[in-house]
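Participant: need a structure here:
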Amino acid sequence: MPKTIGLIIGSIRKDSINRKLAKAIEKLAGDRLLFKHIAIDGLPLHNQDHEANMPEAAVQLKKQIEAVDGLLFVTPEYNRSIPGVLKNAIDWASRPYGKNSFAGKPGALCGASAGGPGTSMAQQHLKNIMLYLDIAVLGQPEVYLQFPKDLIDAEGNISKEDTQKFLAGFVDKYVAWVEKLSK
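Facilitator: The predicted model follows:
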């Protein structure tokens, strides 16, 4: 039976290239992993005053994360870091103190950008956060994908053979990582 992966896309934009990258990864994984999309767009801004009586959207987010075997973050880079909407979701799911929904999960991160460095700075910040949250982070390969026009279509089809081969290698390593570490 395939492991269930919580897929968290750092962009809430409908036509996000990172959404297309996530779709391509899902397609490459085939029946080896079952992806559950975890929406992050309906959350109020995190406020510690509300942790004792969490908003329903935050409660549901925590339950979705706790129900999966592993995590995959696919994120763009905003101003050399992660998008605010992603950080907000992470803050809700890791709180209140002592009730971190991410703890102990195997995880990986990747991202795409139109620019040359891909999402390297965002991923470095996200990796630091993931390690602090006790997510077992896959170290290699790192996926900082420069995304030229039409690299991946809306159905997850990859137009460049070398990109497809590279992403397939990432998926293979991630599947093995989740199998090795998930409970």
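
Participant: Any stretches of the chain with poor pLDDT?
Facilitator: 183 (pLDDT under 70).

Participant: can you pull up the bridge partners for the residue nearest the centre of the chain?
Facilitator: Centroid check for the chain by CA atoms, centre = their mean gives Phe73 as the closest residue, at 1.0 Å. Under DSSP bridges, the beta-bridge partners of Phe73 are Ile8, Leu109.

Participant: Double-check it against Leu126; I have them as touching.
Facilitator: Yes - counting by CB atoms under 8 Å, Leu126 is a contact partner of Phe73 at 6.1 Å. (C-beta placed from N, C-alpha, C; glycine too.)

Participant: Identify the contacts common to the two.
Facilitator: Gly10, Leu86, Leu109 (CB atoms under 8 Å, 6 or more residues apart in numbering).

Participant: can you pull out the strands in this protein?
Facilitator: With strands called from DSSP state E, the chain shows them at 3-9, 33-37, 70-74, 106-113, 136-137, 144-146.

Participant: Out of these, which is closest to Pro55?
Facilitator: Closest of the strands of the chain to Pro55 is strand 3-9, at 18.1 Å (criterion: CB to CB).

Participant: on that earlier part again, residue contacts, the residue nearest to the centre of the chain?
Facilitator: Contacts of Phe73 were listed using CB under 8 Å, 6+ apart, and they are Ile8, Gly10, Leu86, Gly107, Ala108, Leu109, Cys110, Leu126, Met130.

Participant: about what we covered before: and which of the shared contacts of Phe73 and Leu126 is nearest to Gly30?
Facilitator: The closest of the shared contacts of Phe73 and Leu126 to Gly30 turns out to be Leu109 (CB to CB; 20.9 Å).

Participant: what number of residues lie near that closest one?
Facilitator: By other CB atoms under 10 Å, 25 other residues sit near Leu109.

Participant: same thing with the one 4 residues further on?
Facilitator: Ser113 is surrounded by 20 other residues when neighbours are defined as other CB under 10 Å.

Participant: next one: Arg19
Facilitator: By other CB under 10 Å, 23 other residues sit near Arg19.

Participant: looking at it, it is touching Leu7, isn't it?
Facilitator: No - using CB under 8 Å, Arg19 is not in contact with Leu7; the gap is 10.0 Å.

Participant: Need the overlap of contacts for these two.
Facilitator: Residues touching both Arg19 and Leu7 (CB under 8 Å, 6+ apart): Val74.
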